[in-house]
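Colleague: Attaching a predicted model along with its sequence, questions to come.
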Amino acid sequence: MWRRTRVIVLCTCVCTLHAAAPSSTYTYTTLDGRAYKINDSGDIVGEFGSRGYIYRDGVSVTIDVPGADGTVCAGINNAGQVVGRFSNSSGQHAFVLSHGVFTTFDVPGAGTPSGAATGASDINGAGQIVGSFDSTTGLHGFLYDDGTFTIIDFPGSNSTQLTGINDAGDIVGVAGFPGGGGHGFLYRNGTFVQLDNPFATPLSTTPNGINNRGEIVGYFDYQGAARAFVYSAGVYTTMELPPDADQQFANGINTAGRIVGHYHGAGGEPGFLATRVPGQR
């Protein structure tokens, strides 16, 4: 699964995107399969086809929830606990994989006439899980903490998705509003802070991950294409596109600043691991 690997140093020029948009130089390692999150040990989780995986110490291990038609591994903490979602005949459900044991769950009240609809997207060191669920009242975010579910919806939105959480309990996500467009947000200590990348055209920003330093990664729309960004200390930095790519999605970042995601290109939809070049912006 991991045989097709490339390491490429890309230049910093993004003048075709926006003359004022800062950029960072990274080495890119191309991976076979979408990559969603990375922990501080460098363990990566994601999906390949309809199967989840964890990549650890140079070895990729497939993860399938027993009885599932498809499994997606969406988040991993520093203890190696994995969360995600799976589908079966009754719909979509969330899971936690800890010490080799699967635990599945659904948010109370979740589900539509077509079936169950709960998915977990990330887990922090305290075991707090964030994700989203669909119901007859729309799409909502949830925090699952020590057996208790808390619904978290951005005020005034008609849909909320929670995509990442760090060890401090800071949560990132995206909210949809009537009329279209998506606004990213940071939820910290009960307060929402709206996150809109100023280089988005039209206005649409999706944060996907946050590390323990408070750095956030995600993607924004630029003239119909997705471009990856890093948000740190109040500054949005656009990541370069890998060769042959026309869209790029950053999904997770660890404390060392290593970023995982995936991109669209002529060769399909591979994942990537991006490492910032020392001494570069």
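Modeller: Nice, I can see it.

Colleague: Listing request: residues of the stretch 151-281 of the chain with sub-threshold pLDDT.
Modeller: Applying pLDDT under 70 to the stretch 151-281 of the chain flags residues 279-281.

Colleague: if you set the cut-off to 90 instead, what comes out?
Modeller: Using pLDDT under 90 as the threshold, the predicted model of the stretch 151-281 of the chain has low-confidence ranges 177-182, 201-203, 222-224, 240-245, 265-268, 276-281.

Colleague: if you go through it in chain order, where are the strands?
Modeller: Residue ranges of the strands in the stretch 151-281 of the chain, as given by DSSP state E, counting those that start in this stretch, are 159-165, 171-176, 182-188, 191-195, 205-210, 216-222, 225-232, 235-239, 245-253, 259-265, 271-276.

Colleague: In space, what's closest to Gly91 - neighbours in sequence excluded?
Modeller: The spatial neighbour of Gly91 that comes closest, neighbours along the chain excluded (C-beta to C-beta, 6 or more residues apart in numbering), is Gly115 at 2.7 Å. Just so you know, the C-beta spots here come from the backbone N, C-alpha and C atoms, and that holds for glycine as well.

Colleague: So Asn251 is in contact with Val260, correct?
Modeller: Yes - contact criterion C-beta atoms under 8 Å: Asn251 and Val260 qualify, at 5.8 Å.

Colleague: Please enumerate the shared neighbours of the two.
Modeller: By C-beta atoms under 8 Å, 6 or more residues apart in numbering, Asn251 and Val260 have these common neighbours: Ala35, Tyr36, Lys37.

Colleague: Out of those residues, which is nearest to Ala79?
Modeller: When those are compared for distance to Ala79 (C-beta to C-beta), Lys37 wins out at 13.4 Å.

Colleague: Around the closest residue in space to Ser132 that isn't next to it in sequence, how many other residues sit close by?
Modeller: Residue nearest to Ser132 in three dimensions, not counting chain neighbours: Gln161, with 4.4 Å by C-beta to C-beta, 6+ apart. The criterion is other C-beta atoms under 10 Å. On that basis, Gln161 has 23 neighbouring residues.

Colleague: Dig out what Gln161 forms beta bridges with.
Modeller: Using DSSP bridges, the beta-bridge partners of Gln161 come out as Val174.

Colleague: now it: how far from Thr112?
Modeller: According to C-beta to C-beta, to the nearest Å, Gln161 stands 16 Å off from Thr112.

Colleague: can you check Ser89 too?
Modeller: Between Ser89 and Thr112 the distance is 15 Å, computed by C-beta to C-beta.

Colleague: neighbour-wise, which of those two wins?
Modeller: Per other C-beta under 10 Å, whichever of Ser89 and Thr112 has more neighbours is Thr112, with 13 against 7.

Colleague: And the spatially closest residue to that one that is not a sequence neighbour, how far from Gly109?
Modeller: Sequence neighbours aside, Asp134 is the residue nearest to Thr112 in space, at 5.7 Å (criterion: C-beta to C-beta, 6+ apart). With distances defined as C-beta to C-beta, the gap from Asp134 to Gly109 amounts to 11 Å.

Colleague: between the two, which one's more packed in?
Modeller: In this comparison of Asp134 against Gly109, neighbours counted by other C-beta under 10 Å, the higher total goes to Asp134 at 21 against 12.

Colleague: Remind me what the helix or strand that that one is a member of packs against, helices and strands.
Modeller: With elements delineated by DSSP states H and E, Asp134 resides in strand 129-135, which encompasses its position. With contacts defined as 3 or more C-beta pairs under 8 Å, 6 or more residues apart in numbering; DSSP states H and E, the packing partners of strand 129-135 are strand 82-88, strand 91-98, strand 116-123, strand 138-145, strand 159-165.

Colleague: Redo these as CSV? Include distance to Gly224.
Modeller: As requested, the helices and strands packed on strand 129-135 are arranged in CSV below (distance: least, C-beta to C-beta, whole Å):
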stretch, distance to Gly224
strand 82-88, 28
strand 91-98, 28
strand 116-123, 25
strand 138-145, 23
strand 159-165, 21
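
Colleague: so which of these gets nearest Leu186?
Modeller: strand 159-165 (9.8 Å).

Colleague: Run the chain-centre distance for the closest one.
Modeller: Relative to its parent chain, strand 159-165 has a centroid offset of 9 Å by C-alpha atoms, centre = their mean, to the nearest Å.
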